[in-house]
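Participant: Provided below are the primary sequence and the corresponding predicted coordinates.
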Amino acid sequence: MASDTTVAPGDREGRLTALRNLKMARSAHAYVRGNTLQFYEWLNDGGRTLPLGPDLWICGDCHVSNIGPVADRDGGIDIQIRDLDQAVVGNPAHDIVRLGVSLATAARGNDLPGVITARMVEQLIDGYERAMGGGRKAYRVVDRPDAIRLVMKAALKRRWKHLARERMKGLTPHIPEGKRYWPITPDEQADLQALVDTDAMRHLVTQLVYRSDAARLELLDAKYWVKGCSSLGNLRYALLLRVVTKNEDDEICLVDVKEALKAAAPRSPHGEMPRNNAERVKQGALHLAPNLGDRMMTGRVRGRSVFVRELRPQDLKIDLDQLDEVEAMRVARYLGNVVGRAHATQLDWPTRKAWLADLQRNRPKTIDAPSWLWNSVVALVQAHEGGYLEHCRRYAITQAR
């Protein structure tokens, strides 16, 4: 039965724009997440003082919520980058700055003093530099802080029933319409069914070690998925599939289908990337988050490029709520190390050594972080604070009409 919050396909655009504006008005941290373009505009203008790192795959939108536990196809879990929509071959300094801004706004959201923000930036670069390793070792891993351990512990305990309760509000094999799931058109249904019928989809779903390679897939339900912030308004679908086998019990799984747009993140003029945007996202994931990249396929829906992954109960995001001063610094160090390892595994030792030397230059006496990083974080936090207040003003005027 349809909910009173259901939105017809023809009314999506206006409702999604309003929802995105609401989400961005809730906090400065949410505004940073949803306004990625402001960061890219700054890079094209004031970001010229950043060091020019080696060409490698970068996240392009490396904020805190885009990092978290990610399950692999064999049942293992690791903390990796979990959103690669903006992945490009580019300057690794962009990921460092973007993460620094996200951590700084999270610190403000937790009412932490400014001196702690400065120490978090120090810890961020320390964790990143340790990931570059020493000698010929690929990287050094820092200890997980308690906040990350709790997320990992929760991820390890999660099963299909937990995912079903969150996404489906029950264990019945359908996706109920409501504020998160909206109806789709017959043309969308036909394209999604064609996607499910491909060998690539069957391979994607049956790659888990306990699923039969000979299983057959049935599309039980499909809905437009209202999810994310900066990506709201693009095609996004949730598919409920039944994995049918002859000699075993059937199984239910949930699949995410997401439109891949042209990356807005600045890319290297010399880097080679797939022209197809969904293939670009997949290649970025394979290099930066192999747990996720190994679980991806690409396709087309309504003539647009999409990438597809099965949702796993263990895939979670990290929320930095109610952190104390010590834990905030430890989290910053650990997340810096996660991003650093994703970069370091793409580089040989001479290149890592040269990049590490660049990172360790220009340390002012007042803060143990490169001046380019600290100055960039300060400038971007100021710009985003002003942008956030202006966004809230415009949002309030719109709501008052």
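Facilitator: Okay, I see it. Residues are numbered from 1 along each chain as shown.

Participant: in stretch 298-318, which residues are buried?
Facilitator: Neighbour counts over stretch 298-318 (16 or more other Cβ atoms under 10 Å) mark 298-299, 301, 305-316, 318 as buried. (C-beta placed from N, C-alpha, C; glycine too.)

Participant: looking at those, which are in strands?
Facilitator: Cross-referencing the buried residues of stretch 298-318 against strands under DSSP state E gives Thr298, Gly299, Val301, Ser305, Val306, Phe307, Val308, Arg309, Glu310.

Participant: need the helices for the stretch 151-300 of the chain, in chain order.
Facilitator: Using DSSP state H, counting those that start in this stretch, the helices of the stretch 151-300 of the chain run over residues 160-168, 186-196, 199-206, 277-288, 290-293.

Participant: re the thing from before, nearest to Gly109, of the buried residues of stretch 298-318?
Facilitator: Nearest to Gly109 among the buried residues of stretch 298-318 is Ile318, at 13.6 Å by Cβ to Cβ.

Participant: closest one of the ones in strands among the buried residues of stretch 298-318 to Leu208?
Facilitator: Of these, the one sitting nearest to Leu208 (Cβ to Cβ) turns out to be Glu310, at 8.4 Å.

Participant: got the confidence number for that closest one?
Facilitator: On pLDDT, Glu310 comes in at 88.

Participant: and it, what does it touch?
Facilitator: Leu204, Val205, Cys253, Leu254, Val255, Asp256, Arg295 (Cβ atoms under 8 Å, 6 or more residues apart in numbering).

Participant: that one bridge partners, please.
Facilitator: Val255 (DSSP bridges).

Participant: could you report the neighbour count for Leu380?
Facilitator: For Leu380, the count of nearby residues is 24 (other Cβ atoms under 10 Å).

Participant: what does Gly100 give?
Facilitator: By other Cβ under 10 Å, the residues close to Gly100 number 27.

Participant: what strand or helix carries the closest residue to it other than its chain neighbours?
Facilitator: Distances taken as Cβ to Cβ, 6 or more residues apart in numbering place Val377 nearest to Gly100, at 4.4 Å, with adjacent residues excluded. Here Val377 sits within helix 371-400, counting by DSSP states H and E.

Participant: likewise Trp57?
Facilitator: strand 56-58.

Participant: try Lys365
Facilitator: Using DSSP H and E, Lys365 falls outside every helix and strand.

Participant: what about it, how many residues close to it?
Facilitator: Counted with other Cβ under 10 Å, the neighbours of Lys365 add up to 5.

Participant: what's the mean pLDDT across stretch 123-142?
Facilitator: For stretch 123-142, the per-residue pLDDT averages 82.

Participant: off-centre distance for it?
Facilitator: Put simply, stretch 123-142 sits 22 Å off its chain's centre (Cα atoms, centre = their mean, to the nearest Å).

Participant: give me the contacts around it.
Facilitator: 96, 99-100, 103, 329-330, 332-341, 343-345, 349, 352-353, 355-356, 359-360, 368-370, 373.

Participant: is it true that Thr6 touches Pro176?
Facilitator: No - if you go by Cβ atoms under 8 Å, Thr6 and Pro176 don't touch, sitting 9.7 Å apart.

Participant: picking that back up, from Leu286, how far off is the residue nearest to Gly100?
Facilitator: Noted for Val377: a distance of 30 Å to Leu286, by Cβ to Cβ, to the nearest Å.

Participant: looking at the two, which is more packed in?
Facilitator: Higher neighbour count among Val377 and Leu286: Val377, with 26 against 16, using other Cβ under 10 Å.

Participant: and the pLDDT at Leu241?
Facilitator: Predicted confidence (pLDDT) for Leu241: 92.
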